[in-house]
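> no FASTA, just this:
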């Protein structure tokens, strides 16, 4: 069953399962408890924090474990809300995940500026500069790479623009971690991520704070995570996340290049096999595993369901929006019409996909194209 | 290594590990994705929700999965804050978990009434009535059973008092689930719990809403959990939680009675072996696994560390407060002095403790008592 929806979620690396099992067997105690076995758990937790700090090149005490990027993104916007004044606005890129863009709209209804993107799905830096000049801004939120079209965002430029203007910068790195080099990403004021996007368990993620966030506090309670986020620490999942990151970074360059080669071959193949298919964005500035296409005809859900019947899982867009029957705000921001958006599909591969899987996926697209042309238009029921 | 700190966290039931592993192997897809394997995951998720609804005797659509009680407790207080007006107060019992009491103090600094408890650690219902008569109240929060002293609270009375006065009632049931019968508990407006307190994984829990909470929304994003709590659903952990609950409820009455017998024998034994030891609360109204004692002498941490050396893990109180070096607010509320609180220890057993473990624990207490009497007073370093 070749799975090509890694941006929605990933299978676990086998090593992650081993880590989880070993931890729940041997180190399941509450790290806040006052005996030796709990102290050992606490030490293992701090080892995980140190590992992330080393990889991310940030301070250990700035790494906070939580339940994932949705929690982290919500918490940051709540934090900014209580640490800003009514005259200040937030700037949110038009292609952010709903956990950023919808939360910001709700919390800052009259203090919200949308940062537009270009034809390739990349934020317009000149507009960012203008918005900053024109308004008092307390936060800029621009993700590292988009979950739908895969466009990599210029976080280094956004970072330096914000630093010069003394504005907090939040970067949702959920789709970047484990997929691309993240140089300087963690110099941002807030960075969020989820383990299940890079081969780790669901329900666990991280938030990295900048130097000026010592008063950040998302959940109040037992004062875990240096007082920044309460709740009994989930060491088994945290260690699983660390293992997943180690697996992702092993032979990183080779795996990344292999993905890029396979993706390019796949794009070349379907472009030939399905005339009129339109690939979104710039191939040189995209996640190595992701491509989004506007199909020349037929609704995207028909492509997805027919490919599923042939054993290939792809997506109509973000899983967080699938089934809600609203057109993708990402593609709308890039400038696609509702009619085009209804024909968009996302393919996002990963480490389990062989070269053969990719070429078979292209063949499957061709087969589905023929099937759809020959089949009467029927009402589709989402399973 | 007999472990007697089940109220801090529990080992996993072996069946929970199997469930987790089976789920991450076979049903790891994102339940929001648009293909058959994801639809199967979605169905399994809804089966879990139905199981909880059946056990809790509530509506399926009122069961929300989240990362645990700390998240749930924080979310409820934030929800009440945004859905009440400045003239309304909250009533919080004096023995609530920090994730309730500290959050309420922070969010409702001038709108906060503390509900006192009696000598047995049980909330005073007549004071609740008075507070309700005297103030406009938007929420009452009284837990089902206390995590430190084990005192079971009169939730049915609190519930009916709140219902008559048309006030929302929140019950943190973290320590009650799987330990005592929870009749009518889920008729409350908000009930919270954590899987890792009853043999399930950490990082997962639930929140049960009442009939009037259709506008509850804690995390904004992909609109999972019927729009009440966003974030990719962690099916492996949720199924693990369900399995843990099933294990807890299997032969429930027999296991509960066995625990009660062992605990009573243990209390009788240490009361004889250690003269001057003071048991907190009323034995007939306590969690079957929990006892808190004021030792006649020596700081609690010395008892805990010496018992640990003999292979027995007990606690100085709540793990969420351990190491913070603040005296227990629960024991202070019951009326104990700081000097007494410094000598308090908590024993909380569970399904892995044999009859033999309990009697050996009493012997270990006696041995530690002798050791401490014979040892010079040394500075204790918490491991």
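Thanks, I have it. Here the structure is a predicted model, which is why all the values come from computation and not from measurement.
> okay, CA-based contacts and neighbour counts for the rest of this
Fine.
> packing partners for the host helix or strand of residue A:241?
Element membership for residue A:241, per DSSP states H and E: helix A:235-249. Contacting helix A:235-249 under the criterion 3 or more CA pairs under 8 Å, 6 or more residues apart in numbering or on different chains; DSSP states H and E are the following elements: helix A:14-26, helix A:36-56.
> who wins for proximity to residue B:369 among these?
With respect to residue B:369, and counting by CA to CA, the nearest of those is helix A:36-56 at 20.0 Å.
> give me the number of residues near the residue in the stretch 151-300 of chain A that chain B sits nearest to?
Of the residues in the stretch 151-300 of chain A, the one nearest chain B is residue A:221, at a distance of 3.6 Å by CA to the nearest CA. A total of 26 residues lie near residue A:221 under the criterion other CA atoms under 10 Å in any protein chain shown.
> confidence score at the closest residue to it other than its chain neighbours?
Nearest in space to residue A:221, with sequence neighbours left out and distances taken as CA to CA, 6 or more residues apart in numbering or on different chains, is residue B:99 at 3.6 Å. pLDDT for residue B:99: 96.
> Throw the helices and strands packed on helix A:235-249 into a markdown table and include mean pLDDT, distance to chain B and mean neighbour count, thanks.
Putting the helices and strands packed on helix A:235-249 into a markdown table (pLDDT from 0 to 100; distance: least, CA to the nearest CA, whole Å; neighbours: other CA atoms under 10 Å in any protein chain shown) gives the following:
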| stretch | mean pLDDT | distance to chain B | mean neighbour count |
| --- | --- | --- | --- |
| helix A:14-26 | 98 | 7 | 18 |
| helix A:36-56 | 97 | 6 | 18 |
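> which one of those lies nearest to residue B:19?
Taking CA to CA as the criterion, helix A:14-26 is the member of the helices and strands packed on helix A:235-249 that comes nearest to residue B:19, at 11.7 Å.
> residues in contact with that closest one?
For helix A:14-26, the external contacting residues (CA atoms under 8 Å, 6 or more residues apart in numbering or on different chains) are A:199-201, A:235-237, A:239-241, A:243-244, A:247, B:11-12, B:17, B:21.
> now do it against helix B:14-26, angle only.
An angle of 170 degrees separates the directions of helix A:14-26 and helix B:14-26 when computed by axes from the mean of the first three to the mean of the last three CA atoms, to 10 degrees.
> do you know how far the closest residue to residue A:137 other than its chain neighbours is from residue B:163?
If you skip the residues right next to it in sequence, residue A:137 has residue A:89 as its closest partner in space, 4.7 Å away by CA to CA, 6+ apart. When CA to CA, to the nearest Å is applied, the distance between residue A:89 and residue B:163 equals 42 Å.
> so those two - more neighbours on which side?
Legend: neighbour count by other CA under 10 Å for residue A:89 and residue B:163, higher for residue A:89 (23 against 15).
> hmm, residue A:117 and residue A:333 touching each other?
Yes: checked against CA atoms under 8 Å, the pair residue A:333 and residue A:117 is within contact range at 6.5 Å.
> which residues are in contact with each of these two?
Residues within reach of residue A:333 and of residue A:117 at once, by CA under 8 Å, 6+ apart, are A:94, A:95.
> so which residues of the stretch 151-300 of chain A form strands?
A:168-172, A:190-194, A:205-209, A:278-279, A:290-294 (DSSP state E, counting those that start in this stretch).
> buried deepest among those strands, which one?
Taking mean count of other CA atoms under 10 Å in any protein chain shown as the contact definition, the stretch among the strands of the stretch 151-300 of chain A with the greatest mean neighbour count is strand A:190-194, which reaches a mean of 28.
> what about stretch A:361-368 and chain B, any contact?
No: contact check for stretch A:361-368 against chain B, using CA under 8 Å from any CA of the partner chain: none in range, with a minimum separation of 15.1 Å.
> between the helices and strands packed on helix A:235-249, which gets nearest to residue B:121?
Between residue B:121 and the helices and strands packed on helix A:235-249, the shortest gap by CA to CA is with helix A:36-56, which sits at 27.9 Å.
> beyond that closest one, next helix or strand please.
Tracing the chain past helix A:36-56, the next element assigned as helix or strand by DSSP H and E is strand A:63-66.
> which SSE is immediately downstream of that following strand?
Proceeding C-terminally, strand A:63-66 gives way to helix A:69-82 as the next helix or strand, assigned by DSSP H and E.
> got the buried residues for that next one?
A:69-81 (16 or more other CA atoms under 10 Å in any protein chain shown).
> closest one of the residues you listed to chain B?
Of all these, residue A:70 has the smallest distance to chain B: 5.4 Å, by CA to the nearest CA.
> I'd say the closest one and residue B:219 touch.
Yes: using CA under 8 Å, residue A:70 is in contact with residue B:219, at 7.1 Å.
> which residues are in contact with both of those two?
When CA under 8 Å, 6+ apart defines a contact, the residues bordering residue A:70 and residue B:219 alike are A:99, B:230, B:231.
> just put the residues you listed in a markdown table and tack on neighbour count and distance to residue B:175.
Below are the shared contacts of residue A:70 and residue B:219 laid out as a markdown table (neighbours: other CA atoms under 10 Å in any protein chain shown; distance: CA to CA, whole Å):
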| residue | neighbour count | distance to residue B:175 |
| --- | --- | --- |
| A:99 | 24 | 31 |
| B:230 | 24 | 26 |
| B:231 | 23 | 26 |
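> closest to residue A:308 among the residues you listed?
Distance ranking of the shared contacts of residue A:70 and residue B:219 against residue A:308, using CA to CA, places residue B:231 first at 24.5 Å.
> the closest one - nearest residue in space that isn't next to it in sequence?
On the basis of CA to CA, 6+ apart, the spatially nearest residue to residue B:231 that is not a chain neighbour turns out to be residue A:70, at 5.4 Å.
> returning to what we had before: looking at the contacts of helix A:14-26, which two lie furthest apart in space?
Longest distance between any two of the contacts of helix A:14-26 is 27.5 Å, between A:247 and B:11; criterion CA to CA.
> out of these two, which sits in the busier spot?
A side-by-side neighbour count of residue A:247 and residue B:11, using other CA under 10 Å, places residue B:11 first with 23 against 20.
> that one: what secondary structure?
coil (DSSP: H, G, I helix; E, B strand; the rest coil).
> hmm, it is touching residue B:195, no?
No: under the contact definition of CA under 8 Å, residue B:11 does not touch residue B:195, with a separation of 11.0 Å.
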